[in-house]
Every structure is written in C-alpha cells, then in structure tokens.
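Undergrad: with the input below, show me the fold.
(2 chains)
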Protein chains: 2
Amino acid sequence: MAPTRVGVIGSGQVGRALAAGFAARGHEVTIGTREPAENDELQAWAAQHENVAVGTFAAAAEAGELVALATRGTAVEQAIQTAGPQYLAGKLVIDATNPLDMSGPSPALAIGHTDSGGETVQRALPDARVVKAFNTVNAGLMFDPQLPDGPHPMFIAGDDAAAKATVAELLADFGWEAFDVGGIERSRELESLVILWVAIGARRGAWDHAFTLVTPAGD
Amino acid sequence: MAPTRVGVIGSGQVGRALAAGFAARGHEVTIGTREPAENDELQAWAAQHENVAVGTFAAAAEAGELVALATRGTAVEQAIQTAGPQYLAGKLVIDATNPLDMSGPSPALAIGHTDSGGETVQRALPDARVVKAFNTVNAGLMFDPQLPDGPHPMFIAGDDAAAKATVAELLADFGWEAFDVGGIERSRELESLVILWVAIGARRGAWDHAFTLVTPAGD
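TA: Predicted coordinates:
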C-alpha cells in the first residue's frame, strides 16, 4: 500500500501493534489516546518508533486517511463519538475490535447472532467504509507473523469492495493474505470466532494460535 | 475405540458419511430414516456397506450404544421425539447437526449467541451425554480426510469429560485430533463457524476446506 497517513484510535496492545506495523511500512501514524499529555508511558513508547505521534482520539481520526479502531469493543461507539464521526466520513475505517463482555468467568460476546460490533461501527459511521480485520488474531501476530507455511488467511468483512481491496494490499504488506468473507454482517462470525480462539487458548495455555484453512489439495 | 453398536439418526450425506466411517472401523451400524421400508435408495446404499442396517429413527436410537444425530439441524428436536428420548438416556450422543435457516439467500443460524443447537439437544436429552462434533467439516472429510500435515483438530464441545474422551478416541480412528473447546455452550461458536465456512466456500467455489490452527512453533 502506498505510504499514507494512518490514525489508530486506542493505544493498548492492539493499537500499538497496528501503529508499529504501519510505521514500519513507512506510513505516518498518529496513535490516539484519551489523555495524551498525561500518558507518559505511551509517549515513551512512541518515542521509540519512527513515524509515530501521540494525539487525542480526535487528532488520530482527523490525521488519518485510513483509521483503525483498536479500543475495547464495548467502548468503540463512545470512542467514535469522542473522536468525532465527522473526521471519519468517507474514510476507510478498519475495525479491529471485539465486543467482549468481560464480566463473567470467561469472555463472552456482548452482541451476536443478528448483530455485531462491525455492524455497530458501520451504523455509527454511515459515511465511512468500514472493514472488519485483525480481530481474529492476537496483537503479537498482527504484523509480520512468524507462522510456518504462510502467508495465512486473514478473514475480512465489509460492504465496500474498494475498501476491502485496499485492506488486502495492507494485509499483504503485513504478512497476511486477505480472505474476504462478505459484507460487514459477517462480523457476527468473525467476532464469534474470537470466543472460540479464547477457548482454544485456555486449553492450550498459550495464545499465539491463529485459524487457517486446510484442503486436500493444499490450496 | 472398541467395536460397539452405533445408531445414526438421519440418512443424508452426513448420516451416510458417519455410518460408513463407523462401519469401516468395525462398528455395527443402524442408520435411521423416517420410512425405511419405502427408502429403496438408502436400502441399496446400505447393502453396499458391511455392518450397516437400515431402520427407523427409533431402531437406530435403541440399537446404538453410541448415537449420532445427523438430521437437518432445525429438525433435530422433532427427530429426537420421533426416535424416542427414552432410548437415548445415559448414552453418548454425538450432535453433528447445525441449526441452519435455509429460507434466505444464504444459510443463517436459526439460533445463536445465547443458545445453540447443541444446547437444545442437551436440553431435549437431559440424561444423555451430548458431544458436539463433526459439525464444522463437510461430509466428505468426516472419515479418513485426505488433508496434508494431519491429523488436524476437530473441535468438540460437551459437558461430560468421559464422553468427550470417547469421542476423542473415535476421532483418532476417523483421522482427526479432537480439540476440546469446553462445555456444550461452546456449540454457539462451533455452529457460527459453519456460517463462516459457508461464506468461505462461496468465495472459493469449493467446499472441501476445513479450519485448522497454526502457531509460530508449528505445534
């Protein structure tokens, strides 16, 4: 993907993994956090990365030609309002979040079956071109994953074909092969997959697994 | 798994694949259909397989020490009632079904998020030990799958550890490695996975794919 300006809304593990990945591929990144001036730890992290500036959610939304959402999934609508939906109109928005309800003994989906986080984001940003991506792998695998026999498929969903084509270019740069599973409503299954991913991690006692496909022909 | 008597309720592609697989591993199989005397085509199919008899749903349920459910998912509760729940009490019941609503342009789940077909089956058979298995692969891969770098994980779910251990033995005999993802409520995600499987098949134009796991260490 040609160098561009990227905003990342959310500065946890996922936000930092994406920001670092974009920056490593030559994009100019603004990583957004609620209180940038008070977040010394994030400022220190950003200072160790070329091409990464720290700003508010609004600064990240405004600066990015492409914006990635990487907050907690149940906080994403509020984060969009804080950022300012007007800054995201017309833009490619990558939704990497999962609507996880963490109140129980293990993570559950706050919504599902007939709705999803991806659809919620698209409704909150009707003029943005939302693509669900990166939500089914852990932060450590998002950029340049060291997986055998790759590149492996990264499942993506969204209503805008051109936006998905751009995300496919980006994923290739990140070391993944985009696999388009359909419209944004397929976020239902991509988010459900995360609950399975968690169950598998609990069984493995390790969290570096990703789903991939196998066929008799190995294609 | 030591040779036993197996009942298969449902005689479509999935029922036949499972019946043929069990029979090939030396189990004595009764495959159940609604009207066995009138189903000449199934009788002819069974005649080509050693160890496979055709019977009613009730005959299959009564004959099997282990019973596999392989009807349409939205018909499984009715099939259980037709078979006679009393014949399934205390038994290991493998639920290979998916609660697919086929009324729309593409398959959707009739239930999900907070409930599942697997849980429905367990509620309908409170005295049975229900294990969800085989629902995430197509019939052609259920037995002796010719997949590179196998055996690959078959995700299973259920509330009875001993029942899952038996299914793990069975899966090993069938060419899979059981991967226990938790209680029967994890059927929610295993059934959701099928919608993703369908979306992937629609994109591939082929239906012989299965999900597997990849890790950096290749373990």
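
Undergrad: residue A:90 - how many residues pack around it?
TA: As a burial measure, residue A:90 scores 11 neighbours (other Cβ atoms under 10 Å in any protein chain shown). The way it works is simple: take the backbone N, C-alpha and C, and place the C-beta from them, glycine included.

Undergrad: before we move on, which element is it in?
TA: Using DSSP states H and E, residue A:90 sits within no helix or strand.

Undergrad: would you map the strands across chain A?
TA: Remark: strands assigned in chain A by DSSP state E are A:5-9, A:28-32, A:52-55, A:66-69, A:92-95, A:100-101, A:108-109, A:129-132, A:153-158, A:177-180, A:210-214.

Undergrad: could I get the ones you listed as a markdown table with mean pLDDT, distance to residue B:177 and mean neighbour count?
TA: What follows is the strands of chain A, written out as a markdown table (pLDDT from 0 to 100; distance: least, Cβ to Cβ, whole Å; neighbours: other Cβ atoms under 10 Å in any protein chain shown):
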| stretch | mean pLDDT | distance to residue B:177 | mean neighbour count |
| --- | --- | --- | --- |
| strand A:5-9 | 98 | 38 | 28 |
| strand A:28-32 | 98 | 41 | 27 |
| strand A:52-55 | 98 | 42 | 20 |
| strand A:66-69 | 98 | 36 | 29 |
| strand A:92-95 | 98 | 33 | 28 |
| strand A:100-101 | 98 | 28 | 16 |
| strand A:108-109 | 98 | 27 | 22 |
| strand A:129-132 | 98 | 30 | 29 |
| strand A:153-158 | 98 | 21 | 26 |
| strand A:177-180 | 98 | 24 | 18 |
| strand A:210-214 | 98 | 12 | 19 |
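
Undergrad: got those as a markdown table, with distance to residue B:3 columns?
TA: A markdown table is the format used below for these (distance: least, Cβ to Cβ, whole Å):
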| stretch | distance to residue B:3 |
| --- | --- |
| strand A:5-9 | 58 |
| strand A:28-32 | 61 |
| strand A:52-55 | 63 |
| strand A:66-69 | 55 |
| strand A:92-95 | 51 |
| strand A:100-101 | 45 |
| strand A:108-109 | 41 |
| strand A:129-132 | 47 |
| strand A:153-158 | 40 |
| strand A:177-180 | 42 |
| strand A:210-214 | 30 |
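
Undergrad: among those, which is nearest chain B?
TA: Nearest to chain B, of all those, is strand A:210-214, at 4.6 Å by Cβ to the nearest Cβ.

Undergrad: still on that earlier bit, so which of the strands of chain A gets nearest residue B:79?
TA: With Cβ to Cβ as the measure, strand A:108-109 is the member of those nearest residue B:79 (29.2 Å).

Undergrad: that closest one close to chain B?
TA: Yes - Strand A:108-109 reaches chain B (Cβ under 8 Å from any Cβ of the partner chain) through residue A:109.

Undergrad: tell me the contacts of the residue nearest in space to the middle of chain A?
TA: Among the residues of chain A, the one closest to the centroid is residue A:96, at 2.2 Å (Cα atoms, centre = their mean). Contact analysis of residue A:96 by Cβ atoms under 8 Å, 6 or more residues apart in numbering or on different chains lists A:14, A:18, A:68-70, A:133-135.

Undergrad: now do residue A:162
TA: residue A:129.

Undergrad: before we move on, back to that, which one of the contacts of residue A:96 has the most neighbours?
TA: Scoring those on neighbours with other Cβ under 10 Å, the highest-scoring entry is residue A:69 at 35 neighbours.

Undergrad: wait, that residue touches residue A:92, no?
TA: No - under the criterion of Cβ atoms under 8 Å, residue A:69 lies out of contact with residue A:92, with a separation of 11.4 Å.

Undergrad: so how far is the first residue of stretch A:71-82 from its last?
TA: Start-to-end span of stretch A:71-82 (Cα to Cα, to the nearest Å) is 12 Å.

Undergrad: in it, what counts as buried?
TA: Residues of stretch A:71-82 classed as buried by neighbour count (16 or more other Cβ atoms under 10 Å in any protein chain shown): A:71-74, A:76-77, A:79-80, A:82.

Undergrad: pick out whichever of these sits closest to residue B:212.
TA: Nearest to residue B:212 among these, with distances taken as Cβ to Cβ, is residue A:73, at 26.0 Å.

Undergrad: if I look at residue A:76, how far off is residue B:36?
TA: Using Cβ to Cβ, to the nearest Å, residue A:76 is found at 54 Å from residue B:36.

Undergrad: then residue A:62?
TA: Taking Cβ to Cβ, one finds residue A:62 at 69 Å from residue B:36.

Undergrad: kindly report the same for residue A:207.
TA: Separation of residue A:207 from residue B:36 (Cβ to Cβ) stands at 50 Å.

Undergrad: over to residue A:203?
TA: 41 Å.

Undergrad: try residue A:43
TA: On the measure of Cβ to Cβ, residue A:43 and residue B:36 end up 74 Å apart.

Undergrad: who has more neighbours, these two?
TA: Taking other Cβ under 10 Å, residue A:43 and residue B:36 do not tie; residue B:36 has more neighbours (20 against 14).

Undergrad: now the more buried one. Nearest residue, chain neighbours left out?
TA: Closest residue to residue B:36 apart from its sequence neighbours, by Cβ to Cβ, 6 or more residues apart in numbering or on different chains: residue B:54 at 4.9 Å.

Undergrad: next one: residue A:143
TA: Residue A:143 sits nearest to residue A:21 (Cβ to Cβ, 6+ apart), 3.1 Å away.

Undergrad: OK, contacts around that neighbour?
TA: A:142-144, A:174.

Undergrad: and stretch A:66-85 with chain B, contact?
TA: No - using Cβ under 8 Å from any Cβ, stretch A:66-85 never reaches chain B; the gap is at least 14.5 Å.

Undergrad: now, which of the contacts of residue A:96 sits nearest residue A:116?
TA: residue A:135 (10.1 Å).

Undergrad: quick one: pLDDT of that closest one?
TA: Note for residue A:135: predicted pLDDT of 98.

Undergrad: without its sequence neighbours, what residue ends up closest to residue A:55?
TA: That would be residue A:30: by Cβ to Cβ, 6+ apart, it lies 4.8 Å from residue A:55.

Undergrad: contacting residues for the one you found?
TA: A:5-8, A:52-55, A:59-60, A:63-64.

Undergrad: quick check: bridge partners of it?
TA: Judged by DSSP bridges, the bridge partners of residue A:30 are residue A:7, residue A:53.

Undergrad: how near is it to residue A:129?
TA: 19 Å.

Undergrad: same check, this time on residue A:4
TA: 14 Å.
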